[in-house]
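Enquirer: sequence unknown, structure follows:
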């Protein structure tokens, strides 16, 4: 993006600190810096002319317009948080999909302009520790998804099939199962045959092992 294309929307408090930031950004080749007060923020389509939004982290109160904008910005433009005084939990950060970086209150104007350049160039501006946590989060979820994808699907069993399977894994014979459930042994054999097909096994031993696998999968 060329220098002339940098149009920034700043959402924050109407104070001297904000005025200083706007003044410094304007001096640092930002083509346009528009301020909107967080307390009188209107979420309209006029925001579409900007390329990046700066949001004062201290204005993010529950149910505030600034918080609503952060969780569902319209249009979808990158967001840079500034004046961040505490570590943002990864779970919270992941609910703000357009947030591409954040800065502490002590960040210099050089860091601010540099972070804007990086984000407008499709980059991120997070501390190394935050990036490592985000990477670990994505890796763990990817590994879990891969694990589930590799597991055989849990078959859909009828109530009677579950009863027979439970007794079967307890070591009961077909005759014992029939006596326990007050049904004919041929009925039990028919259910066992259907169970073997659903579990994709050929014998009782394989069925017991398969049930153990499924119980482990359900516990994950």
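Expert: That came through fine. Everything numeric here is computed off the predicted structure, so don't read it as measured data.
Enquirer: Quick check: the residue nearest the centre of the chain vs residue 113, distance?
Expert: A centroid search over the chain (Cα atoms, centre = their mean) returns residue 94, at 5.2 Å, as the residue closest to the centre. The gap separating residue 94 from residue 113 is 27 Å, by Cβ to Cβ, to the nearest Å. Glycine gets a C-beta too; all of them are placed from N, C-alpha and C.
Enquirer: okay, now the closest residue to residue 88 other than its chain neighbours: neighbour count?
Expert: Computed as Cβ to Cβ, 6 or more residues apart in numbering, the closest residue to residue 88 that is not its neighbour in sequence is residue 102, at 6.8 Å. For residue 102, the count of nearby residues is 23 (other Cβ atoms under 10 Å).
Enquirer: just the one 4 residues further on next, same as before
Expert: Other residues near residue 106 come to 8 when the count uses other Cβ under 10 Å.
Enquirer: quick one, phi psi at it?
Expert: According to degrees, to the nearest 10, the main-chain angles of residue 106 amount to phi -90, psi 0.
Enquirer: Nearest residue to the residue of the chain most remote from its centre in space, please, no chain neighbours.
Expert: Residue farthest from the centre of the chain, counting by Cα atoms, centre = their mean, is residue 184 at 52.3 Å. Sequence neighbours aside, residue 178 is the residue nearest to residue 184 in space, at 6.2 Å (criterion: Cβ to Cβ, 6+ apart).
Enquirer: Could you check how far the one you found is from residue 125?
Expert: For residue 178 relative to residue 125 (Cβ to Cβ), the value is 70 Å.
Enquirer: dump the residue contacts of the closest residue to residue 82 other than its chain neighbours.
Expert: Closest residue to residue 82 apart from its sequence neighbours, by Cβ to Cβ, 6+ apart: residue 103 at 4.6 Å. Applying Cβ atoms under 8 Å, 6 or more residues apart in numbering to residue 103 gives the contacts 80-84, 111-112, 115, 125.
Enquirer: Just the residues contacting the one helix or strand residue 17 maps to, thanks.
Expert: Per DSSP states H and E, residue 17 falls inside helix 16-27. For helix 16-27, contacts defined as Cβ under 8 Å, 6+ apart pick out 8, 10, 12, 33, 35, 54, 56, 82, 109, 112-113, 116.
Enquirer: can you pull the buried residues of it?
Expert: 18, 21-22, 24-25 (16 or more other Cβ atoms under 10 Å).
Enquirer: How far off centre is it?
Expert: 34 Å (Cα atoms, centre = their mean, to the nearest Å).
Enquirer: now it: mean pLDDT?
Expert: For helix 16-27, mean pLDDT is 87.
Enquirer: which residues in the chain form strands?
Expert: Assigned by DSSP state E, the strands in the chain fall at 7-12, 32-37, 52-56, 79-82, 99-102.
Enquirer: same for the fourth one, what does it pack against?
Expert: In terms of contacts (3 or more Cβ pairs under 8 Å, 6 or more residues apart in numbering; DSSP states H and E), strand 79-82 is packed against strand 52-56, strand 99-102, helix 109-120.
Enquirer: Parallel or antiparallel, list what pairs with that strand.
Expert: According to DSSP bridges, strand 79-82 forms sheet pairs with strand 52-56 (parallel), strand 99-102 (parallel).
Enquirer: export those strands to a markdown table and tack on mean pLDDT?
Expert: Putting the strands paired with strand 79-82 into a markdown table (pLDDT from 0 to 100) gives the following:
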| stretch | mean pLDDT |
| --- | --- |
| strand 52-56 | 91 |
| strand 99-102 | 91 |
